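Q: Got a sequence here, can you model it:
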Amino acid sequence: MAAADLKLLYRELVSLEIELWGGIEERLRAEYDLALTSFEVLHLLLKRPGRRIQDIAEEFSITVGGTSKVVDRLEAAGLCGRKANPNDRRSSIVELTPEGRKLVDGALKVFEEELELRIGSVIPEESVREVTAVLSTLRAAGRALDAERKAAGQTPVPAMRAPKQPGGSAS
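A: Numbers count the residues shown, from 1 in each chain. I've put the predicted structure just below:
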């Protein structure tokens, strides 16, 4: 496959993610004063109660530290709470509060409406299933590659790294 095709696909995927995230978050903030990151965590806790910070981090492929900060903010807002994990004294279980459940129930309707407007009304249901399957395959292959490299003690080859920006950090 031509490198240009892969670069174009990459750019389209990244741009779509940024635009989709921004559009959904704008509406959640306007109607519920809720960041999409916070919604995602609250939604996970609604769908699958009894999650640990580690479970949430793994679900979203983010760091435990970053997840803990999001949960700290949600807890301070009274939307969730931590309780002792009966199976592991070293961790806590994160649970929605009644206020958190009420907020996520309402925000979920907005989230679903935006998905329908931005995706469901644009491409047919069969295409949604096909694109979802392809993206799942790509994610699984990427995770397998990362795990293989980690097990071998390898890092990505230098040509694969993002170029450093002149006069500043790469981040």
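Q: Could you list which residues are in contact with Glu148?
A: For Glu148, the contact set (Cβ atoms under 8 Å, 6 or more residues apart in numbering) is empty. Every C-beta, even on glycine, is put in place using the N, C-alpha and C of the backbone.
Q: Please, which helix or strand holds it?
A: According to DSSP states H and E, Glu148 maps onto helix 125-151.
Q: residues of that helix that come out buried?
A: Residues of helix 125-151 classed as buried by neighbour count (16 or more other Cβ atoms under 10 Å): none.
Q: do the same with stretch 95-103
A: Buried residues in stretch 95-103, defined by neighbour count with 16+ other Cβ under 10 Å: Leu96, Thr97, Gly100, Arg101, Leu103.
Q: so the second one touches Lys83, yeah?
A: In this case it means Thr97. No: counting by Cβ atoms under 8 Å, Thr97 sits too far from Lys83 to count as a contact (11.3 Å).
Q: one step back: is it possible to get CSV of the buried residues of stretch 95-103 that adds pLDDT, secondary structure and distance to Val122?
A: Shown next, in CSV, are the buried residues of stretch 95-103 (pLDDT from 0 to 100; DSSP: H, G, I helix; E, B strand; the rest coil; distance: Cβ to Cβ, whole Å):
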residue, pLDDT, secondary structure, distance to Val122
Leu96, 97, strand, 32
Thr97, 97, coil, 36
Gly100, 97, helix, 32
Arg101, 97, helix, 31
Leu103, 98, helix, 28
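Q: tell me the SS of Glu95?
A: At Glu95 the chain is in strand, as set by DSSP: H, G, I helix; E, B strand; the rest coil.
Q: in the sheet, who's paired with it?
A: In this structure, Glu95 bridges to Gly81 when assessed by DSSP bridges.
Q: how near is it to Leu138?
A: Here the criterion is Cβ to Cβ, to the nearest Å. By it, Glu95 lies 33 Å from Leu138.
Q: Quick test: name the residue nearest the centre of the protein.
A: Residue closest to the average C-alpha location in the chain (Cα atoms, centre = their mean): Phe60, at 4.3 Å.
Q: So what's the residue count around the residue nearest to it when sequence neighbours are not counted?
A: Nearest residue to Phe60, sequence neighbours excluded (Cβ to Cβ, 6 or more residues apart in numbering): Glu40, at 6.6 Å. Counted with other Cβ atoms under 10 Å, the neighbours of Glu40 add up to 17.
Q: buried residues in the helix or strand hosting Glu40?
A: According to DSSP H and E, Glu40 maps onto helix 36-47. Within helix 36-47, the residues that count as buried by 16+ other Cβ under 10 Å are Leu36, Thr37, Ser38, Phe39, Glu40, Val41, Leu42, His43, Leu44, Leu45, Leu46.
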